Each structure stands twice: as structure tokens, then as C-alpha cells.
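**Student:** What follows is a predicted structure for the sequence shown.
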Amino acid sequence: CAGIREGRAGERRHEVLFKSMGMREDCAINPVDTPLGCRKPITTHEEALEDFLCLLAENDDGTLPPHMADMISVIVSEIYTYYSDKERRNNQPKRYERGRNRLVDEAIERYNIDTSVHRYWYSIVDVLSMEHKEHHLASIAQRFAVPELRDLIPFNSENIKQYREVRVGSTSQDIISSFKLRIEAAVTKYAILSCPTQLDVSQAKIAILDIKDICGQSGSQAANKQTSVAYSLGMIAICSGLYQKTTEIDEFNPDYYKYHFDRLTRIQEVPKRLIFDEYHVTAGSPRIRIQTERYMRTGRKYNIMLSIASQIFADFDENMLKLASGIWIMGCEDRERADLKARLDLSPSAIDHLERHLNGPDATGAPFLALLNMAGSGRHEHFLKNTIGPIKTWAFSTTAEDTSLRSRLYGRMSPAAARAALAQRFPRGSAVAEITQRINEKANQDKSIILSPADKEKAKSSVIEEMAEEVFNIWVLGNRLEAEYENSL
């Protein structure tokens with residue numbers, strides 16, 4: 001991501017976003033957000049929100065109490081009406097509060113917006129967007145106008161009260177109380193759900209969310225649920241602005257038709273690629289699988305190409321395989337081969353390549369087997385090799401040693417120069433072999449000493465630091481010699 005950002009002109013680098021997610025308010029995503037000017041969500045986002053709330057409302061064993069999904073649909077429908085400023089009764093729009101966002105406050109002063117007249121956040125949104133064309137600032141203001149997840153806890157209505165007699169299993173607890181307790185627990189446990197949206201991906205043409213630090217780690221039911229929450233939030237943040245098109249314009253606020261029609265026209269004309277990586281972490285999250293399948297089924301309608309990557313073939317269920325227009329196999333474990341052969345109905349030639357030639361990337365490239373479903377001509381099987389030069393290899397390398405070496409050089413020089421210097425010193429695209437050799441040489445200097453794991457890590461860090469200094473010095477020397485040569489001409 002740093003390499004892509006570095007390659008863009010300075011005024012366009014904001015179009016490349018990488019965010020390492022943490023349980024912090026600066027990463028907050030409010031799943032109850034709506035498009036600019038809209039007092040309620042459009043259908044695709046409403047479905048995703050209901051799925052997310054069902055996920056939070058699940059019992060500890062992963063099941064959803066009977067009628068909980070129905071009640072959640074009622075809550076979603078009515079919570080937006082309650083906080084809207086377009087209703088004449090039974091509503092409570094949120095009032096503008098100075099100090100919530102500095103940029104919005106400055107815009108209000110700059111345009112002399114009278115907050116005694118425009119008392120509500122939605123009114124501030126409308127003035128900024130429609131009168132002053134400050135759409136980005138209006139979208140920030142709207143974060144304080146829409147419901148937040150915590151607003152669902154005290155919310156009640158006559159239609160919700162009818163669920164008071166519905167119990168959770170054989171317990172005495174009704175599903176209204178259960179829902180409120182689980183939402184409260186989620187807001188308390190997950191800081192990214194505790195406040196208005198802070199993470200803005202709307203300006204990015206390339207957005208990457210690294211959610212590994214907010215996923216559960218232990219494999220327990222609670223950890224699986226945390227992983228589901230993390231993955232689902234990432235989906236909502238990235239997908240909510242993509243799964244929209246001009247034919248759905250009637251779902252938007254009529255006052256904003258032109259703004260959204262122009263925006264949606266631009267979006268739907270551009271092919272988009274959505275990538276769900278490390279999909280194996282969702283193995284204990286059936287609700288994420290349901291969401292993924294929905295995105296797969298509707299992706300073509302929105303000009304979206306969906307790619308799903310996993311280390312485990314069993315992660316892809318039968319519906320996913322049927323919906324896939326292409327399957328790329330980079331390699332497999334011995335224990336997976338029989339399953340691959342049976343479920344993918346591979347030809348003898350494909351089986352031979354699977355067994356003998358998918359041995360991982362090397363200096364010549366990365367071999368893979370591609371199964372492509374071609375319209376009008378059936379399925380094609382191709383054995384291919386992805387070849388890239390050493391500079392790109394260094395940009396994409398993910399081994400711990402190469403990543404550490406590259407990061408140290410990024411701290412000394414520009415990313416582009418660092419990759420070029422690494423490619424010149426290690427044209428095969430990796431320094432792992434030399435790092436390992438140097439570590440072994442250090443360890444063998446005194447064979448009577450047995451290094452602990454901590455000592456080995458220190459030795460590796462020391463070697464990588466030495467090599468980073470060497471590569472940097474060679475680069476500096478090369479630039480100096482080149483400059484001297486040019487001056488001598």
C-alpha cells in the first residue's frame with residue numbers, strides 16, 4: 001500500500017488508504033450510518049445492518065433466539081424515523097452541539113449559519129451540502145445526526161413492546177431485554193462501536209483495512225464472535241458505498257437526487273474489485289458466510305468483482321464454488337488434494353499439475369492452476385505462472401525477514417528508492433537465504449553456546465539491521481558516483 005501511495009502525485013495520495021484497525025475510537029465505524037442527506041438507509045445497507053445486529057444479538061452458542069430477527073427489523077425501521085427531522089410527531093432529531101467536530105464548527109462560522117434556526121444536525125447537513133456544496137463537511141456533520149448503536153439500547157415503541165412476552169429459550173428473559181443487554185455489552189467491549197464514525201473511506205480509490213488486531217485469537221466462541229464483528233464491520237465500511245446504483249435513486253432523499261445520481265453514475269461506470277483476504281479466520285462465523293454469498297450473488301449487478309482468498313480449501317462452501325467465475329489454486333496440503341479433486345472435478349492434466357508443479361513461488365514467479373468458467377465455452381483449465389520483476393517482488397513480499405528489512409529501509413529513504421536498492425542487491429526478490437546464512441554463521445561462532453528463542457530473535461534483528469545499513473550505504477555510494485560522473489561530463 002505504501003508503494004502504491006508513493007507512486008501517486010502528492011495531491012492524490014489521500015486516494016490510497018491503509019488502516020491498521022484497533023479497538024480505538026479513531027477506528028470507529030457506526031454501522032447505522034446513512035448516505036449523505038438520507039434519513040434512512042437504502043435496502044442493501046439495511047440488510048447488512050440487520051445481519052450485523054443479529055450477529056450481536058446471538059446467544060453464546062451462536063444461535064439467534066426465535067423472533068429476534070423480526071424484532072430487529074422493526075427496530076431498524078423505526079429508529080431512523082425516531083431520529084429524523086422530517087417527521088411531524090413521535091420523533092427526536094439530534095440537536096447540534098458545538099465542539100463535536102472542529103471542521104464543522106469552523107464551517108458554521110465561515111458561512112454564518114444561524115444555529116438558533118438550524119438547531120438540528122440534519123439541518124446543518126442540508127445547509128452545508130445544498131447551499132454551500134460542502135458535501136464532505138456535510139457528511140461529517142451527518143455522523144452526529146444519524147442514530148448510533150448505543151441509541152438502540154433505550155429505544156422503545158409500541159411495535160417493539162409486543163415482543164415483551166417472547167422469551168429467550170427456557171429462561172425468564174424476554175428478547176427485548178436480551179437484545180438491549182447484548183448491544184450494551186458490544187458498545188462497552190468494542191470501542192470501535194462506541195461513538196460516531198471516525199474512519200472515513202469515502203475519499204479513497206484504494207482502501208485496505210487490516211483487521212487482524214481486532215479479530216479474536218483464541219478460537220473460542222467469544223473469539224469467533226469478535227472475528228465476526230471485525231469482518232462484518234470491515235464489510236460495511238467498504239461495501240456500503242459500492243453496492244448502490246442509479247436505478248435505486250428513488251431510495252435516496254429527493255433533495256439529494258442530483259448529488260447521488262452523479263456520484264452513482266461515476267461509481268457504476270468503474271469496475272471495482274473487492275477482496276476478502278485471510279478468509280479462513282471466518283471459519284467459526286456462519287453469518288459472515290451468508291453476507292459473503294449475498295455480495296457474490298449481487299456483485300455483477302454493481303460492476304463489482306469479488307475475490308476471496310483463504311489458506312484452506314474447505315473454507316469455500318458449495319454455493320461459493322458454484323457462483324465463482326474463476327478459481328485460482330496456488331498450492332495445497334497433501335490432505336486437501338482428494339477434496340480438491342472431488343469437489344472441483346479436475347481433469348487428469350490438472351491433477352498432475354496440482355500434485356507436481358504447485359510448489360510455491362520462486363525467483364521465476366508463482367505457479368498456479370486457474371479454473372475459469374467462460375461464457376459460451378464452458379470451463380477452461382490453465383497452468384500459469386505469475387511473473388513480476390524484482391522491484392515488484394520486493395513490494396509484495398510478505399515473509400517476516402523481507403518485510404523487516406524493507407521496513408528498516410523505508411525509514412531511511414523513500415519507499416521507491418528502497419525497493420530499487422533492494423532489487424539491485426537481491427535481484428531474486430528476497431533476502432531470506434542470506435539472512436538465514438548470516439544468522440547461522442553468528443550462531444556457529446561459538447558452538448558451545450545454545451541460543452534461546454529470544455537470543456535467536458535478537459540475532460536475526462541484528463543481522464537485518466546490518467544488512468539494511470549495507471544496502472543503504474551502497475545506494476548512497478551509487479548516487480554519489482553517479483553524480484560525480486554526470487558532473488565530469
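**Tutor:** Great, that's in hand. Residues are numbered from 1 along each chain as shown.

**Student:** ok, how many other residues are close to residue 432?
**Tutor:** Residue 432: 16 surrounding residues under other C-beta atoms under 10 Å. Yep, even glycine has a C-beta here, placed from its N, CA and C like the rest.

**Student:** need the contact list for it.
**Tutor:** For residue 432, the contacting residues are 399, 401-402, by C-beta atoms under 8 Å, 6 or more residues apart in numbering.

**Student:** and with 10 Å instead?
**Tutor:** By C-beta atoms under 10 Å, 6 or more residues apart in numbering, the contact set of residue 432 is 397, 399-402, 405, 426.

**Student:** Kindly list the main-chain dihedrals of the residue lying closest to residue 206 once chain neighbours are set aside?
**Tutor:** Leaving aside its sequence neighbours, residue 206 sits nearest to residue 16 (C-beta to C-beta, 6 or more residues apart in numbering; 4.8 Å). Here is the backbone geometry of residue 16 (degrees, to the nearest 10): phi -110, psi 120.

**Student:** Run a quick check on residue 16 versus residue 201, I expect a contact.
**Tutor:** No. Under the criterion of C-beta atoms under 10 Å, residue 16 makes no contact with residue 201, lying 11.1 Å away.

**Student:** tell me, what's touching the two both at once?
**Tutor:** 207-208.

**Student:** follow-up on the earlier one: please work out how many residues are found near the residue nearest to residue 206.
**Tutor:** 19.

**Student:** Specify the next element, helix or strand, located C-terminal of the helix or strand of the chain with the lowest mean pLDDT.
**Tutor:** Sorting the helices and strands of the chain by mean pLDDT, DSSP states H and E puts helix 2-6 at the bottom, at a mean of 61. Going down the chain from helix 2-6, the next helix or strand is strand 16-20, by DSSP states H and E.

**Student:** All the helices of the stretch 1-150 of the chain, residue numbers only.
**Tutor:** Under the criterion DSSP state H, counting those that start in this stretch, the stretch 1-150 of the chain contains helices at 2-6, 43-57, 68-83, 102-110, 121-126, 135-142.

**Student:** what comes into contact with stretch 83-96?
**Tutor:** With contacts defined as C-beta under 10 Å, 6+ apart, stretch 83-96 is touched by 32, 38-40, 78, 80-82, 104-105, 108, 113, 115, 118-126, 141, 144-148, 151, 155, 157-158, 253.

**Student:** try 7 Å
**Tutor:** 39, 81-82, 115, 119-124, 144-147 (C-beta atoms under 7 Å, 6 or more residues apart in numbering).

**Student:** Check the burial of residue 426 by counting its neighbours.
**Tutor:** If you count neighbours by other C-beta under 10 Å, residue 426 ends up with 21.

**Student:** just so I have it, where are all the helices in the stretch 201-350 of the chain?
**Tutor:** Under the criterion DSSP H, counting those that start in this stretch, the stretch 201-350 of the chain contains helices at 221-239, 257-269, 286-298, 318-323, 337-344, 348-356.

**Student:** buried set for the shortest one?
**Tutor:** By neighbour count on 16 or more other C-beta atoms under 10 Å, the buried set for helix 318-323 is residue 320.

**Student:** Same check on the second one?
**Tutor:** Neighbour-count burial for helix 257-269, with 16+ other C-beta under 10 Å as criterion, is recorded at 259-260, 263-264, 267-268.

**Student:** Please verify my assumption that the residue nearest to residue 206 contacts residue 203.
**Tutor:** No. Look at residue 16 against residue 203 with C-beta atoms under 7 Å: they stay out of range, at 10.2 Å.
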